[in-house]
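Peer 1: Fold the following.
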Amino acid sequence: MTRNERYKYILDYFRAQAPIVTTELEFGSAFQLLVATLLSAQCTDKRINQVTPALFARFPTAEAMAKAEVEEVFEYVKSVSYPNAKANHLVAMARKLVDDFKGEMPSTTAELTTLPGVGRKTANVMQAVWFDKPNMAVDTHVYRVSHRMGLVSKKANTPLKVEQELLRHIPSVDVNKAHHWLLLHGRYVCVSRKPKCEECVFNDICPKLLEGSKLE
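Peer 2: Predicted structure coming up:
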């Protein structure tokens with residue numbers, strides 16, 4: 001099976017089985033999506049969804065969070081990973097959003113990545129989920145699954161290179177959904193330590209036994 005055939009097989013399956021798919025994070029605005037996405041780094045969406053209702057009730061907007069002290073925000077996020085750093089990023093992000101963008105969420109990568117704590121992956125999430133742009137956010141799940149399923153070459157050894165290879169093969173109309181398809185497959189089936197190969201619908205075409213496979 002060639003790489004192009006592999007893409008067609010996998011994308012055709014997901015198009016049929018999950019034509020409507022989006023993030024599992026819960027939010028009510030662009031600002032809340034950005035907050036939830038920043039908090040989700042190295043943490044499960046389930047945990048974030050347990051934390052954000054109280055956080056958003058207290059700080060529903062960038063303007064509200066911009067007025068907060070880091071210590072107050074920390075109390076709401078202390079159960080997530082790296083709470084000190086994330087609390088600092090959230091307050092700094094909110095203040096810059098208010099000062100530089102009048103509280104309105106910017107829509108370009110260049111603008112988004114000027115916000116504290118926002119890297120390329122987070123900027124791509126915002127553009128794909130909120131602005132419906134064909135951007136591929138590559139997190140640890142997408143990176144792992146892309147290699148294991150033979151969607152990218154061994155040369156794609158950084159998130160950016162994986163992103164670029166995926167974008168060359170996935171039709172733009174599918175890019176936003178493909179991010180979630182790969183992410184959810186990695187989160188629930190092709191997990192990091194003990195992938196559930198016996199449950200995987202792609203087991204028959206998985207290149208895990210081929211030389212150079214990322215599956216160990």
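
Peer 1: So which residues of the chain form helices?
Peer 2: Shown for the chain, the helices assigned by DSSP state H span residues 3-17, 30-39, 45-58, 62-66, 70-77, 83-101, 109-112, 120-125, 140-148, 159-169, 172-188.

Peer 1: Turn those helices into a markdown table, including distance to E199.
Peer 2: All C-beta atoms are positioned from the backbone trio N, CA, C, and that covers glycine. Below are the helices of the chain laid out as a markdown table (distance: least, C-beta to C-beta, whole Å):
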| stretch | distance to E199 |
| --- | --- |
| helix 3-17 | 14 |
| helix 30-39 | 28 |
| helix 45-58 | 20 |
| helix 62-66 | 41 |
| helix 70-77 | 33 |
| helix 83-101 | 33 |
| helix 109-112 | 36 |
| helix 120-125 | 27 |
| helix 140-148 | 14 |
| helix 159-169 | 24 |
| helix 172-188 | 9 |
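
Peer 1: list the contacts for F31?
Peer 2: Applying C-beta atoms under 8 Å, 6 or more residues apart in numbering to F31 gives the contacts T61, A62, A94, L97, G103, M105.

Peer 1: Next: A137.
Peer 2: By C-beta under 8 Å, 6+ apart, A137 lies in contact with K121, T122, N124, V125, A128, E163, H179.

Peer 1: same check, this time on W130
Peer 2: Contacts for W130 (C-beta under 8 Å, 6+ apart) come out as A30, L33, M105.

Peer 1: mind running it again at 10 Å?
Peer 2: T23, F27, S29, A30, F31, L33, L34, T37, M105, S107 (C-beta atoms under 10 Å, 6 or more residues apart in numbering).

Peer 1: ok, so what distance separates it from G186?
Peer 2: Computed as C-beta to C-beta, to the nearest Å, the W130 to G186 distance reads 22 Å.

Peer 1: The contacts of W130 into TSV, with extra columns for pLDDT and distance to H89?
Peer 2: Formatted as TSV, the contacts of W130 follow (pLDDT from 0 to 100; distance: C-beta to C-beta, whole Å):
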residue	pLDDT	distance to H89
T23	92	19
F27	96	17
S29	96	18
A30	96	17
F31	97	14
L33	97	15
L34	97	10
T37	96	11
M105	95	16
S107	90	20
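
Peer 1: in stretch 191-202, what counts as buried?
Peer 2: P195, C200, F202 (16 or more other C-beta atoms under 10 Å).

Peer 1: That concludes my questions; thank you for your assistance.
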